[in-house]
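> Output the structure for:
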Amino acid sequence: MKLFVAPVAAIAISFASVGLAASCGNTSAGFESWKQSFAKQARKAGVRKKGLQALAQTQYATRTIAADRNQKSFKYSLDKFMRVRGADTIVSQGRKRKARNPQFYAALERQYGVPAGVLIAIHGMETGFGNFMGDSQVVSAITTLAYDCRRSEFFIPHAIGALKLVDQGSITMATKGAKHGELGHTQFLPGNAITYGVDATGDGRVDFYNMTDALASTANFLRKKGWKPGRGYQPGEPNFAVIQQWNAASVYQQSIAIMALRIDS
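Reported below is the predicted structural model:
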């Protein structure tokens, strides 16, 4: 779930009273002092000892800031975007994955109403079906973005979410994800992970690096955002608006809809 994901309104509202007590910055210079102020916000928002310890250990993520300033692919035409992101390969591999495990995807559709093609297309687009889930420290990356002035208000709830995931034992300081702090098979931003995560394996924890939990959580996200079972998901159809909730870049949205239909056909 990449940077262009729509804001998590419920989390943002729940943290609204916390406010922006800590001053943002555009360089690493003020990061350490910001962390001390942000720790007070985090504590008020319910972050406990492990989360606060993780916050204290975070480091300013220069690679995250560089990535945030250079997102060229979302400016491509639809055709170029799909070529660059390997849409044909995702569809081909996606069909094979669906054929190998039809009962798994059918069970998800029965429970959440989301067709296999949509979940498979997202899985393929985000991480190449789990082949690369990122090489950046999740907590440092998302905390850096919360500090960075460009979009502090958007990322602060996700930074709080990441610290709560540490409290819960879902992630640690060693957990790696994408450069914007997205984690797991389908790249959930931490605030969304807290809100929509599902323990589909029944082992007592939500593990976004487990495919079953990750895809169930993705289906749950889409259903909670208004997915209507049995309705279409192409542009102009009812469920396309839900795909738009996953990622706000129009080329991404259209690509998911096109690939999903090809996988499901």
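> Output the helix or strand hosting T143 as PDB, nothing but the C-alphas.
Element membership for T143, per DSSP states H and E: helix 138-147. Coordinates of each C-alpha in helix 138-147 appear next as PDB, following Å, rounded to 0.1, in the frame of the first residue of the first chain:
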ATOM      1  CA  VAL A 138       9.900   0.300   8.900                       C
ATOM      2  CA  VAL A 139       9.900   2.200  12.100                       C
ATOM      3  CA  SER A 140      12.700   4.600  11.200                       C
ATOM      4  CA  ALA A 141      11.200   5.200   7.700                       C
ATOM      5  CA  ILE A 142       7.700   6.000   8.900                       C
ATOM      6  CA  THR A 143       9.000   8.100  11.800                       C
ATOM      7  CA  THR A 144      11.200  10.100   9.500                       C
ATOM      8  CA  LEU A 145       8.200  10.900   7.300                       C
ATOM      9  CA  ALA A 146       6.200  11.900  10.400                       C
ATOM     10  CA  TYR A 147       9.000  14.400  11.200                       C
END
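> Tell me which other helices or strands that helix touches.
The helices and strands touching helix 138-147, judged by 3 or more Cβ pairs under 8 Å, 6 or more residues apart in numbering; DSSP states H and E, are helix 31-44, helix 49-57, helix 62-68, helix 152-168, strand 176-177. No exception for glycine: its C-beta is placed from N, CA and C like everyone else's.
> in it, what counts as buried?
138-147 (16 or more other Cβ atoms under 10 Å).
> Ok, stretch 35-52 next?
Of the residues in stretch 35-52, those buried (16+ other Cβ under 10 Å) are 35, 38-39, 41-43, 45, 47, 50-52.
> For the residues you listed, give me TSV that also has pLDDT.
Shown next, in TSV, are those (pLDDT from 0 to 100):
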residue	pLDDT
K35	96
F38	96
A39	97
Q41	95
A42	97
R43	97
A45	96
V47	98
K50	97
G51	98
L52	98
